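Student: Got a predicted structure here, sequence first:
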Amino acid sequence: MLISSYSDQIKELMFGSQKVLIATKKNPDLDLLIAAWVMERNLKKQGKETTLLVEDFKTLGLPAFFDGLNIQTALPPKSLIVSVNLQGNLIDKINYQTVDGRLDLIITPKSGNITAEAIEFKQSDLDYDLILILGAQKLEEIGSIALEHQEALNQISLVNIDNNPVNSLFGKLNLVDQTNFTLGQTVFALVKSLGYNLDSLDATALYFALVDKTKQFSQNVSVAVFKMAAELLELGAKTESLDLPKEDIIKEEVEMR
């Protein structure tokens with residue numbers, strides 16, 4: 001699959017969305033984590049509201065050039081929404097009290113009564129226009145969100161981004177390019193197809209992931225890998241920090257909520 005084959009569909013989904021959730025499979029390797037971060041970073045540059053979700057995230061040997069890595073390990077709990085059919089009445093006041101571990105919500109109308117039949121309950125769900133799933137061969141590999149938000153996931157546009165040949169093609173749009181050895185290659189092609197301008201930090205991060213995944217260009221290298229490396233260097237990828245020992249390049253400022 002070539003990204004260019006789906007160029008119009010990708011642009012329609014990306015440009016038509018404002019709130020985007022980017023989720024990876026649990027316990028991502030460095031290639032996947034950096035690919036997701038670069039994707040999120042470039043969406044933010046376009047003014048999108050983004051959330052990067054990685055369940056069971058464990059701090060890796062992250063390079064010091066990361067410009068703030070804000071990873072959510074879980075989505076906020078669902079809210080309970082209480083809907084009251086006022087039937088033309090106005091509300092005088094709303095109070096609450098807790099008694100023996102129970103919450104009582106007290107709604108007082110200006111006139112008349114509110115019956116139990118006029119009250120409905122529901123839970124809030126995912127508030128996103130678009131969901132990007134990276135590096136998961138099956139939807140359930142992203143973690144509990146796949147079980148807790150099944151209905152919402154069926155209603156929100158979902159883009160499946162991967163390079164694994166056994167991917168189950170679970171997305172509304174499946175960008176699965178098994179000719180790529182790294183997921184960074186797929187994301188690099190995707191970001192370019194959208195017309196986003198990768199900066200030096202993006203290039204440095206993707207180059208770092210490429211070096212790590214190929215064991216410093218000693219394994220699974222190809223013309224495509226070397227071509228991408230050359231493009232990243234042209235974009236300003238900095239290589240001087242890549243030889244630092246892991247204990248010196250772990251970034252401490254990883255915000256986990």
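Tutor: In hand now; what should we look at?

Student: pLDDT below threshold where in the stretch 1-150 of the chain?
Tutor: Low-confidence segments of the stretch 1-150 of the chain (pLDDT under 70): 1-2, 4, 59-68, 78, 123-124.

Student: Kindly recompute the last result at 90.
Tutor: For the stretch 1-150 of the chain, the stretches flagged by pLDDT under 90 are 1-8, 10-11, 27, 30, 56-127, 147-150.

Student: Now do the helices in it.
Tutor: 7-15, 30-45, 145-148, 150-155 (DSSP state H, counting those that start in this stretch).

Student: so what does the helix or strand where residue 211 lies touch, helix or strand wise?
Tutor: Using DSSP states H and E, residue 211 falls within helix 200-213. On a contact count with 3 or more C-beta pairs under 8 Å, 6 or more residues apart in numbering; DSSP states H and E, helix 200-213 meets helix 30-45, helix 183-193, helix 223-234. Quick note: C-beta positions are derived from backbone N, CA and C, even for glycine.

Student: how about a markdown table for the ones you listed, with mean neighbour count and distance to residue 83 added?
Tutor: Formatted as a markdown table, these follow (neighbours: other C-beta atoms under 10 Å; distance: least, C-beta to C-beta, whole Å):
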| stretch | mean neighbour count | distance to residue 83 |
| --- | --- | --- |
| helix 30-45 | 23 | 33 |
| helix 183-193 | 23 | 40 |
| helix 223-234 | 15 | 52 |
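
Student: Nearest to residue 151, out of these?
Tutor: helix 30-45 (24.6 Å; C-beta to C-beta).
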